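how does the following fold in three dimensions:
(one chain, ligands or ions: 1)
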Amino acid sequence: MTDRDREGIALELIPEREGHISLKTGSGPGRIACDAESLAGAVSQRACVFCGARVVINPVADALHLIHGPIGCSTYTWDIRGSLSSGPELHRLSFSTDLREKDVIFGGEDKLYRALTELIEAHRPRGAFVYATCIAGVIGDDIKAVCARVEKENGLPVIPVQSEGFKGNKNAGYKAACHALFNLVSRGGRRDARPLSMNILGDFNLAGELWMVREYFERMGLEVVANISGDSRVEQVMRAGEAALNVVQCSGSMMHLARMMERAYGIPHLRVSYVGLDDMAGSLTRVADFFGDGKISARTRELIEGELQALEPELARYRRRLAGRVAAVYVGGAFKAVSLIRAFRSLDMQVAVVGSQTGKESDYDEIRAAADPGTVIVDDANPLELAQLMQSRGVDIFVGGVKERPVAYKLGVAFCDHNHERKRPLEGFAGMLNFAREVHDSIFSPVWRFIPRAGSGQQSAHGR
Ligand code: SF4
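All right, here's what the predicted structure looks like:
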């Protein structure tokens, strides 16, 4: 371990991790080591390739999702990576081939064939995804061949997801998911683009956000052909080639699909974010500008003004209470980190620590540009680093996902889940109000009276 304090970042670090942490000192470009395999033994917060693929595809609600591997991989279920559906809920069931020693020795293809056939008979899905895990990859099962056979026999799309856990990090899982989804999109192929139409890529409808965002686009006068993959259906994904534009949030996970559709069908894409008022408004405006239609632009302006006016009085109350508080942000994708910096700024709060699991160099350039001088930027962090940073920077609230929650609570720091365990929508205009409310309620929760802030010698946030 080394002490990293030459840039004013007090941190005990594994030496190889040094380059992954940097301090924004001015407005110039900075450097950070990123987009690399996690350091063995550093206890990365990242998930594996299979988990990355699963989170992207699982919201397809009328598909069968079968995990070809040992039962342990299947603990990664809808219950911890929820996504809401307005109709069928087959995606909530988790199926596994439960590979055991005998299958490892003799191969698991027969078992996979039998499981698929039985499940299709029992659940009558509109399609099926078969996820490869580490063991399936190691024993060399030909998942593609089994899927092709079952597809032919049953007359529905059965799609292999090449997500063997060992072949990279979560980013490789996103790529595997996009290949599988494009496999489905290509069944429908490209038809003449429907005028004023679009696909929503990269919203997973964790707590109903997709419904809010979809409604905004429809109020603008646009037709949403497919939402991939929040609240989506197999047939809807197969129609995605009919859209005139792909609008991509969570670009780390879905940009591969957008690029594949652009190459194959010439469908352009726009990167957007629905997190925070500025980013939400800016995203709708950019989509309206793309279509260059006066009526759509006018409706968009009206929509934005109406939403902002309705929220402002309540937001102003939270802003007064939260002004000057300090936040740390550690999320999967960098797009959300950038949006959260702006969202906190709109609440008169400061982000002192910001990081992502899977950011690339260009993502960190965006984070650096959005962050205030003095902000610590961290790539692929581990719990020890996050805990030290929270303490040394006097953080009042930590925004992260399920794996970061206990790190914050053990230190007596408030927490906001901006990931798959959230139960209230935190995107869109109304989502920003929910976000302000969650941040406020967590910081000012009476529970902090009983849990002193660890290591800082500070009183808890409540009552300070
Ligand atoms: S795919 Fe491999 S790394 Fe991922 S959960 Fe399964 S065994 Fe673990």
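
quick check, residue 270 in a helix?
No - Residue 270: not assigned to a helix; according to DSSP: H, G, I helix; E, B strand; the rest coil it is strand.

surely residue 78 and residue 90 touch.
No - under the criterion of Cβ atoms under 8 Å, residue 78 makes no contact with residue 90, lying 10.1 Å away. In short, each C-beta sits where N, CA and C put it, glycine included.

for the stretch 251-400 of the chain, what spans make up the strands?
Applying DSSP state E, counting those that start in this stretch to the stretch 251-400 of the chain gives strands spanning 269-271, 326-331, 350-356, 376-379, 397-400.

could those strands be laid out in TSV, adding mean pLDDT?
Output for the strands of the stretch 251-400 of the chain, formatted as TSV (pLDDT from 0 to 100):
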stretch	mean pLDDT
strand 269-271	96
strand 326-331	96
strand 350-356	96
strand 376-379	95
strand 397-400	96
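
export these as CSV, with columns for distance to the ligand and mean neighbour count.
Output for the strands of the stretch 251-400 of the chain, formatted as CSV (distance: least, Cβ to the nearest ligand atom, whole Å; neighbours: other Cβ atoms under 10 Å):
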stretch, distance to the ligand, mean neighbour count
strand 269-271, 29, 19
strand 326-331, 20, 25
strand 350-356, 20, 25
strand 376-379, 21, 24
strand 397-400, 20, 26
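
over to residue 114: give its phi and psi.
Residue 114 has phi and psi values of phi -70, psi -40 when expressed as degrees, to the nearest 10.

repeat for residue 164
Residue torsions, per degrees, to the nearest 10, at residue 164 are phi -50, psi 130.

who are the contact partners of the residue of the chain found nearest the ligand?
Of all residues in the chain, the one sitting closest to the ligand is residue 165 (2.6 Å; Cβ to the nearest ligand atom). The contact partners of residue 165, by Cβ atoms under 8 Å, 6 or more residues apart in numbering, come to 48-51, 73, 133-134, 137.

of those, which belong to helices?
If you go by DSSP state H, these have 49-51, 134, 137 in helices.

circling back: which ones among the contacts of residue 165 come in contact with the ligand?
Applying Cβ under 6 Å from any ligand atom, the subset of these adjacent to the ligand comprises 48, 50-51, 73, 133-134.

what's the farthest-apart pair in the residues you listed?
Spatial extent of those (Cβ to Cβ) is set by the pair 51 and 134 at 11.4 Å.

what residues does the stretch 201-350 of the chain put near the ligand?
Counting by Cβ under 6 Å from any ligand atom, the stretch 201-350 of the chain has no residue next to the ligand.

low-confidence stretches in the stretch 301-450 of the chain?
With pLDDT under 70 as the threshold, the stretch 301-450 of the chain has no low-confidence stretch at all.

and the helices in it?
334-346, 361-370, 383-392, 405-410, 428-443 (DSSP state H, counting those that start in this stretch).

can you say which of those is nearest to residue 231?
With Cβ to Cβ as the measure, helix 428-443 is the member of the helices of the stretch 301-450 of the chain nearest residue 231 (14.6 Å).

which residues touch residue 398?
So residue 398 contacts 327-330, 386, 390, 404, 407-408, 413-416 (Cβ under 8 Å, 6+ apart).
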